[in-house]
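Q: Quick one, fold the following:
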Amino acid sequence: MKTSTKRAVAVVFGAALAATGVATAAVAAPGDGPQKANSGKHVLLLSVDGLHQSDLDWYVNAHPSSALAALVGHGTDYTNAQTPVPSDSFPGMVGQVTGGNPGTTGVYYDDTWNRNLLPAGTTNCAAATPGAEVAYTEGADRNPNALDAGQGLAGLPNSILQMTGTPRSLLDPGQLPVDPTTCKPVYPNQYLKVNTVFEVAKQAGLRTAWSDKHAAYDILSGPSGTGIDDLFAPEINSDASIAGFKGDWTKDNAATQQYDGYKAQAVLNEIAGKDHSGATNAGEPAMFGMNFQSVSTAQKLPKSDGLAGGYLADGVTPGPLLSKALDFIDAQVGKMTAAIAKTPDAKKTTVILSAKHGQSPMDPSSLKRVDDGPIIDGLNAAWRTAGHPSDLVAFATDDDVMQLWLNEHTQAAADFAKQYLTSHAAAGNNIGGSAITVQNSGLDTVYAGSQVADYFHTTAADERIPDIFGIVQHGVVYTGGKGKIAEHGGADAQDRHVPIVVSSGTDSGAATVSAQVETTQIAPTILRALGLDVNALEAVKIEGTKALPQN
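A: Next comes the predicted model:
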């Protein structure tokens, strides 16, 4: 069993502020040839993991002179935006740059199971049994304990901006699942079923860049593998002792802010027309951006740097640690928008603010921490008692969602698992650490077998979908111990209700759109802002994804 722990929130910020299956080939844009580049247009996409619409509202009201308030004050605020389900980093970010949901993109999480692929390290493919973990996490790095993912830079962490812009070379092929047809490792970009905005921009002759938390975010380069010119991906789950912290960069919010600062500097270098390192003239990218983690860790950590994490008792007001993290984000955004305002193309730049996912629960009294290990053990024991010789569960990813892949891929086996889960009482603890019991394994709704396929608008033949998809009761977080007070990955309203703000350099005032929109609509909105054909995205054509409405 594997419990995935990577999270993210996507934020695309509009222009400079006036105030300041396994894919193997590129997907061609429709028409007779590549689209022509639209000179001078830029889109900056920033990711703030964990950011809720309510967080943005609170911050803007509390800090009316802030950079975030300026973004909202000179852009369109989509106040009812929803992420894809599962609301996790990989499907969330992929949705924003493809326009597609998991049933279309094939990306259900960063750590999943595929019934057709072969285990990592397989060399005798003819004799191997299909079924493999697909882990596009820090575990795929050449050295997951190194900030540079194993590149071997001297002088870390201060030298991290010298990290390669092609981190695919830092992935360990021995940690990747294997394609049974070719008997070769499946790299993240090859796993994505549809193309990305980065690929469309590249086909139009435009420069692209991105900064994120693992080398495996090379998935955003798309099936061609060439969508991103400059990908800066320092490893967030690496050893932060090189900077004087304990654990990895997510275990201390000050460490997370320092880590985010490296990526923010990379973006500032790119705004200045350099590559991410700042050492080479490259020209400001047409499509670029980054992911922030500081808000997410401030929401998850019970305490850090002497400050309480999460929200106050009202479940709305950020506590001291989260408030400080929001100040950090605001300062970085302010630096970026000020830098954009000084560029010749400021009026042609669009900034979009959103999030890959939110986080829940916000109300501390709602927290129910549940160890999923005993639940899986109990399910396997019940399966064996029913006369089966081996365990039922092949793989699990449980955060504030439960996804189970079963060794027996049948409706009967899925129904057995559902019956067990919905009749099982599980032990847990609350915000104070006191013991509690949750009914139905902590689940509110359980989809089994064909129900999962229907939920994701795919078919039971999809080798990637879980056999069980469980939506948790509000406040349930699958975690051992007492070191976490929030999580994401599921379908909770607090996981999914995130901001989208689109601010263009020509905007002069604020606009609000209250109609429900989805973060997948960011992708065609990016292409529209660049003057490119939104139908060049395959997921847009498959799902009919529309660009965000213009007020």
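Q: Enumerate the positions of the longest helix belonging to the chain that are buried.
A: Using DSSP state H, we find that the single longest helix of the chain is helix 320-341. Neighbour counts over helix 320-341 (16 or more other Cβ atoms under 10 Å) mark 320-326, 328-330, 332-341 as buried. (Glycine included, C-beta is placed from N, CA and C.)
Q: For Asp391, which residues are in contact?
A: Asp391 is in contact with Asn380, Trp383, Arg384, Asn407, counting by Cβ atoms under 8 Å, 6 or more residues apart in numbering.
Q: same thing but 7 Å
A: Asn380, Trp383, Asn407 (Cβ atoms under 7 Å, 6 or more residues apart in numbering).
Q: List the buried residues in the helix or strand harbouring the second one.
A: Of the helices and strands defined by DSSP states H and E, Trp383 is found in helix 372-385. By neighbour count on 16+ other Cβ under 10 Å, the buried set for helix 372-385 is Asp372, Ile375, Ile376, Leu379, Asn380, Ala382, Trp383.
Q: Dump those to CSV, plus pLDDT.
A: Converted to CSV, these look like this (pLDDT from 0 to 100):
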residue, pLDDT
Asp372, 98
Ile375, 98
Ile376, 98
Leu379, 98
Asn380, 98
Ala382, 98
Trp383, 98
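Q: and of these, the nearest to Asp77?
A: The closest of the buried residues of helix 372-385 to Asp77 turns out to be Asp372 (Cβ to Cβ; 37.3 Å).
Q: you'd agree Val540 is in a helix?
A: Yes. Assessed by DSSP: H, G, I helix; E, B strand; the rest coil, Val540 belongs to a helix.
Q: contacting residues around it?
A: Gly99, Ala523, Pro524, Val534.
Q: So which of those residues wins on neighbours?
A: Neighbour count (other Cβ atoms under 10 Å) singles out Gly99 as the most crowded of the contacts of Val540, with 36 neighbours.
Q: Name the nearest of the contacts of Asp391 relative to Gly40.
A: Nearest to Gly40 among the contacts of Asp391, with distances taken as Cβ to Cβ, is Asn407, at 55.4 Å.
Q: Now that closest one. Nearest residue, chain neighbours left out?
A: Closest residue to Asn407 in three dimensions, ignoring its sequence neighbours and counting by Cβ to Cβ, 6 or more residues apart in numbering: Ala394, at 4.6 Å.
Q: didn't the one you found look like it was pressed against Leu404?
A: No. Ala394 is beyond contact range of Leu404, at 8.3 Å (criterion: Cβ atoms under 7 Å).
Q: rewinding a little: let's see which of the contacts of Val540 end up in helices.
A: Ala523, Pro524.
Q: want to try CSV for the contacts of Val540, with pLDDT as columns?
A: Below are the contacts of Val540 laid out as CSV (pLDDT from 0 to 100):
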residue, pLDDT
Gly99, 98
Ala523, 98
Pro524, 98
Val534, 98
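Q: so can I have a markdown table of the contacts of Val540 showing distance to Asn114?
A: Output for the contacts of Val540, formatted as a markdown table (distance: Cβ to Cβ, whole Å):
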| residue | distance to Asn114 |
| --- | --- |
| Gly99 | 23 |
| Ala523 | 24 |
| Pro524 | 29 |
| Val534 | 30 |
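Q: before we move on, back to that, which strands and helices sit next to the helix holding Trp383?
A: Here helix 372-385 touches strand 393-398, helix 411-421, going by 3 or more Cβ pairs under 7 Å, 6 or more residues apart in numbering; DSSP states H and E.
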